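Colleague: everything below, folded, please.
(2 chains)
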There are 2 protein chains.
Amino acid sequence: MSSIKLRWGLIGCGKISHDFGKALDKAEHPHEIVACAASSLDRAQKFVKEHFPNAKAYGSYEELFNDPLVDVVYIGTHNEAHCPWVVKAIEAGKHVVCEKPFGTCAGEVRATIEKTKGRKTFLMEAFWSRFFPSWRYIRNIVDKKEWGEPRVVQANFGYPHEDELRSLERAEGPLTMYGLYVVMMAHYVYKRKPEKVSVIGATDKKFGCDEWATIALEYGDDKRAVLYYDSRTWLPQNAFVSFDKGHIQIPQYFWCPEKIVRWEGKTWYDNEEHRREIEFPLNDNRFFNYNHSSGLRYEADHAYEQIQKGHTESEFHPLSDTLEIVETLDEIRRQLGVHYPHDDKFL
Amino acid sequence: MSSIKLRWGLIGCGKISHDFGKALDKAEHPHEIVACAASSLDRAQKFVKEHFPNAKAYGSYEELFNDPLVDVVYIGTHNEAHCPWVVKAIEAGKHVVCEKPFGTCAGEVRATIEKTKGRKTFLMEAFWSRFFPSWRYIRNIVDKKEWGEPRVVQANFGYPHEDELRSLERAEGPLTMYGLYVVMMAHYVYKRKPEKVSVIGATDKKFGCDEWATIALEYGDDKRAVLYYDSRTWLPQNAFVSFDKGHIQIPQYFWCPEKIVRWEGKTWYDNEEHRREIEFPLNDNRFFNYNHSSGLRYEADHAYEQIQKGHTESEFHPLSDTLEIVETLDEIRRQLGVHYPHDDKFL
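Modeller: Residues are numbered from 1 along each chain as shown, chains lettered A, B, ... in the order given. Below you'll find the model as predicted:
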């Protein structure tokens, strides 16, 4: 553990900023929330008073960017506001960790990468799942080819989703809320874009958003992902990775799991003889808005380490990964017939 | 329990006939294997001696059909031979239980239903899963609308599948080995043909068979099934049914389960508070070729009851269900580009 504190400024005083800020208390490295900014000073003051009494409250994001006490900005706003604030925070010389999805569409992500080129500060999408010890364990099996090649990634994500979270203008909908997790899971295992994307699904007549989809991603060499998300129904929230000589089940909640189950060898799933459970407990029972949010600390610690090393991008979740994932999401939307107004702006 | 024995003649002396015959010992009603026929007398004699010493051995199926001791014929041959032998057994005045898939394609099933019209004897496809107490329990929830409407059926089935079981000429491949189970699961819940069938998958270059597929079946009124089968990789072999106000998980092996897990109410899957496991033990640890084959007794007991009632078709698995399932399988093959020589014969 280092002794120098990393000083965070949160922009957006909503549920995810709350959870991110609270998770830092359990991090391995020293972090501190020094400032919070909302679209109104009232809102920021209320948030600070309630949750982070030692932090400064700002009624505009620009003021927070100008605060010399802030080392790194965490962007927890609505999707369509992510990239514009990334650019402004970077221009103000801050390190930046931006919530997923980093941008509304591939065009915007590409433009933002272009605009922030040559910077001296760190910039990363906050895809928190990737940094969980359980997920690192899986990546290790992939990297060491311990069980040969991965062949199939399966992931399911679904529950009845509030209508307020469906908006084409805000580039928000089921695909960006949890569809992106199943796509990211596949990218995490195969570490590249699929050669072929095939989608079956439906859109919502009222909002024009996606509703549900089953997605097959093919990577060549008999490697594929079969993914499903659904915004109207409860589903098992789990994932499965099948290798040549073993498989891993990631139980609910697969995107932030405290446990995985592994079977070694060419064996039936559920063969008790080869079954091994591995626990990665969060050891945190405080209130969070979202499930297992205490695990947001893993990405914060990763950002800490990368900033300390002087990196401008994450070695583990570089912007090229962010772009590849959003390119796949765009293709899924294209096949579903879901168009964001932002798509046209970044052609 | 009745006291009159139902006397079975098995045609095809392979693994499935063995398992079916052995399962009868644990049935509720009295059954007896009185005859077994194979394509050669040697084979039949060996099978009888080893497994059913009190049964008669025949070197041709016709001889078995002519044996007045046989009440009911169980057809356990290769797929492409099912329908022709169904017709001959019916013409000989026997009751018939025929392994799934009943026919190679919808055309053949339709022709066979036509040819066997007006018969006095019972005829049913041996879709054993439907008769398991665990499956009956699920159907009861559907029928009583206990949890409102079913909305999503999910099912997975996959393991590395022997090449000897891939043959277009024999109308045999992954889809007919286990793809049909996931399709039948959806039919079982919705009790009708889907309005829309959408398939993503791949075929095998060497044999021309299907390899894997993810299948979305849409039934209108926000009801769907999302199914996946794979003949190259180990998968979880489970299913899930999501209702308006509850859900059921059917763990491995979903097609012949000894246990289901139910969650009552509008709740997250895995909410321990609402979780209830229900056991339906087979209480049989003898050797079988296939998993849980002791459960074949449930379909045998169903056949017993239907025959005793004088029915010519099952009330619970009528030939119209058989036809609807094979029509869906045909559409899946069409979209995958898998053509059986039999398709042309029954246009």
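Colleague: contacts and neighbour counts: CA atoms only from here.
Modeller: Will do.
Colleague: quick check: chain neighbours aside, which residue is closest to A:Gly179?
Modeller: A:Tyr229 (5.7 Å; Cα to Cα, 6 or more residues apart in numbering or on different chains).
Colleague: wait, the one you found sits on A:Phe157?
Modeller: Yes: A:Tyr229 lies in contact with A:Phe157 (Cα atoms under 8 Å); the separation is 4.7 Å.
Colleague: so what sits against both of those two?
Modeller: Common neighbours of A:Tyr229 and A:Phe157 (criterion: Cα atoms under 8 Å, 6 or more residues apart in numbering or on different chains): A:178-179, A:182.
Colleague: who's in contact with the host helix or strand of A:Ala35?
Modeller: In the assignment (DSSP states H and E), A:Ala35 maps to strand A:31-37. For strand A:31-37, contacts defined as Cα under 8 Å, 6+ apart pick out A:5-13, A:21, A:24-25, A:44, A:47-48, A:52, A:54-61, A:64, A:69-70.
Colleague: list the buried residues for the helix or strand just after that strand?
Modeller: Beyond strand A:31-37 on the C-terminal side, the first helix or strand identified by DSSP H and E is helix A:41-51. Judged by neighbour count (16 or more other Cα atoms under 10 Å in any protein chain shown), helix A:41-51 contains these buried residues: A:43-45, A:47-48.
Colleague: swap in stretch A:51-67?
Modeller: Neighbour-count burial for stretch A:51-67 flags A:52, A:55-61, A:64-65, A:67 (criterion: 16+ other Cα under 10 Å).
Colleague: next one: the strand holding A:Ala35 to chain centre, how far?
Modeller: Mean-position distance between strand A:31-37 and its chain equals 21 Å (Cα atoms, centre = their mean, to the nearest Å).
Colleague: chain A against chain B: which residues are in contact?
Modeller: Neighbours of chain B within chain A, by Cα under 8 Å from any Cα of the partner chain: A:151-152, A:159, A:198-200, A:214, A:216, A:226, A:228, A:233-237, A:240, A:242, A:244, A:247, A:252, A:267-270.
Colleague: adding pLDDT, write the buried residues of helix A:41-51 out as CSV.
Modeller: Conversion of the buried residues of helix A:41-51 to CSV gives the following (pLDDT from 0 to 100):
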residue, pLDDT
A:Arg43, 98
A:Ala44, 98
A:Gln45, 98
A:Phe47, 98
A:Val48, 98
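Colleague: and of those residues, the nearest to chain B?
Modeller: A:Phe47 (29.2 Å; Cα to the nearest Cα).
Colleague: wait, isn't that closest one in contact with A:Cys13?
Modeller: Yes: the pair A:Phe47 / A:Cys13 is scored as a contact, 6.4 Å apart, by Cα under 8 Å.
Colleague: shaky segments in the stretch 151-300 of chain A?
Modeller: By pLDDT under 70, the weakly predicted segments of the stretch 151-300 of chain A are A:269.
Colleague: cutoff 90 now
Modeller: Across the stretch 151-300 of chain A, the ranges flagged by pLDDT under 90 are A:159-165, A:234-236, A:252, A:265-273.
Colleague: how about the strands in it?
Modeller: Remark: strands assigned in the stretch 151-300 of chain A by DSSP state E, counting those that start in this stretch are A:196-203, A:210-218, A:224-230, A:239-243, A:246-250, A:259-264, A:275-279.
Colleague: what's the closest of the ones you listed to B:Glu146?
Modeller: Closest approach to B:Glu146 among the strands of the stretch 151-300 of chain A is made by strand A:224-230 (22.6 Å; Cα to Cα).
Colleague: dump the shared contacts of A:Tyr229 and A:Phe157 to a markdown table, plus neighbour count and distance to B:Ala81.
Modeller: Below are these laid out as a markdown table (neighbours: other Cα atoms under 10 Å in any protein chain shown; distance: Cα to Cα, whole Å):
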| residue | neighbour count | distance to B:Ala81 |
| --- | --- | --- |
| A:Tyr178 | 20 | 47 |
| A:Gly179 | 27 | 45 |
| A:Val182 | 27 | 43 |
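Colleague: which of those residues fall in helices?
Modeller: A:Val182 (DSSP state H).
Colleague: and the residue sitting furthest away from the middle of chain A, how far is that from A:Glu264?
Modeller: Residue farthest from the centre of chain A, counting by Cα atoms, centre = their mean, is A:Glu273 at 34.8 Å. In this view, A:Glu273 and A:Glu264 are 9 Å apart by Cα to Cα, to the nearest Å.
Colleague: so where's the longest helix in chain A?
Modeller: helix A:319-336.
Colleague: that one: what's the following helix or strand?
Modeller: Following helix A:319-336 in sequence order, the next helix or strand is helix A:341-345 (DSSP H and E).
Colleague: list the buried ones in that next one?
Modeller: Across helix A:341-345, burial judged by 16+ other Cα under 10 Å covers A:His342.
Colleague: need the residues that contact that helix.
Modeller: Counting by Cα under 8 Å, 6+ apart, A:104-105, A:107, A:168-169, A:171 sit against helix A:341-345.
Colleague: how about it as PDB, C-alpha atoms only?
Modeller: These are the backbone C-alpha positions of helix A:341-345, laid out as PDB (Å, rounded to 0.1, in the frame of the first residue of the first chain):
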ATOM      1  CA  PRO A 341     -29.600  10.800 -32.600                       C
ATOM      2  CA  HIS A 342     -25.900  10.800 -31.600                       C
ATOM      3  CA  ASP A 343     -25.100   8.300 -34.400                       C
ATOM      4  CA  ASP A 344     -25.600  11.000 -37.000                       C
ATOM      5  CA  LYS A 345     -23.500  13.500 -35.200                       C
END
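Colleague: many thanks, we can stop here.
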